[in-house]
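mind looking at a prediction? Sequence and model below.
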Amino acid sequence: MIDDSSLLISVFKILPDDIDFYVQAPSLEDETILNMMDNTGYAYYKLIKLDSLKKRFFINHLETHSAVQYFQNIEIKNGDTLLFQGFDGIEFGILSKNVKMPEWFKEKCIDTGDCTISNDW
């Protein structure tokens, strides 16, 4: 199994810019991340809108801070298209079958069982 933040960081690296990152993390106390969050129409999800600059900042923050363990569930979307779902501190995730996956990601995340590919979306 890879480090939890490493899975999420790897996912961010293969996804397009301009994504919506929905987070369910009621115990999160990381002020940097909390300040990036907006309310959504869902009581249990907060939203972080990431463009290329914010995504790079967010990845750098995750590499140096222990926040991922507080993420209960996440969804990453591009518009209405679901790209990734992560669960339980991002110990496991499901990637859209429509995301182009480089070989390094397959070896690091898929072959190890830390991430699967959706059959449906």
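The structure has been received and is ready for your questions.

use CA for all of it now, contacts and neighbours both
Will do.

can you give me the strands in this protein?
Here the chain has its strands, by DSSP state E, at 19-24, 38-39, 46-50, 73-78, 81-87, 92-95, 115-117.

redo the ones you listed as CSV? Include mean neighbour count, distance to E107 and mean pLDDT.
Listed next are those as CSV, based on neighbours: other Cα atoms under 10 Å; distance: least, Cα to Cα, whole Å; pLDDT from 0 to 100:
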stretch, mean neighbour count, distance to E107, mean pLDDT
strand 19-24, 21, 24, 98
strand 38-39, 12, 34, 96
strand 46-50, 20, 26, 98
strand 73-78, 20, 21, 97
strand 81-87, 20, 18, 97
strand 92-95, 21, 14, 97
strand 115-117, 19, 11, 98
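
want to try JSON lines for these, with distance to H65 as columns?
As requested, the strands of the chain are arranged in JSON lines below (distance: least, Cα to Cα, whole Å):
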{"stretch": "strand 19-24", "distance to H65": "17"}
{"stretch": "strand 38-39", "distance to H65": "20"}
{"stretch": "strand 46-50", "distance to H65": "17"}
{"stretch": "strand 73-78", "distance to H65": "18"}
{"stretch": "strand 81-87", "distance to H65": "18"}
{"stretch": "strand 92-95", "distance to H65": "19"}
{"stretch": "strand 115-117", "distance to H65": "22"}
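
least trustworthy helix or strand in the chain by mean pLDDT?
helix 4-14 (a mean of 88; mean pLDDT, DSSP states H and E).
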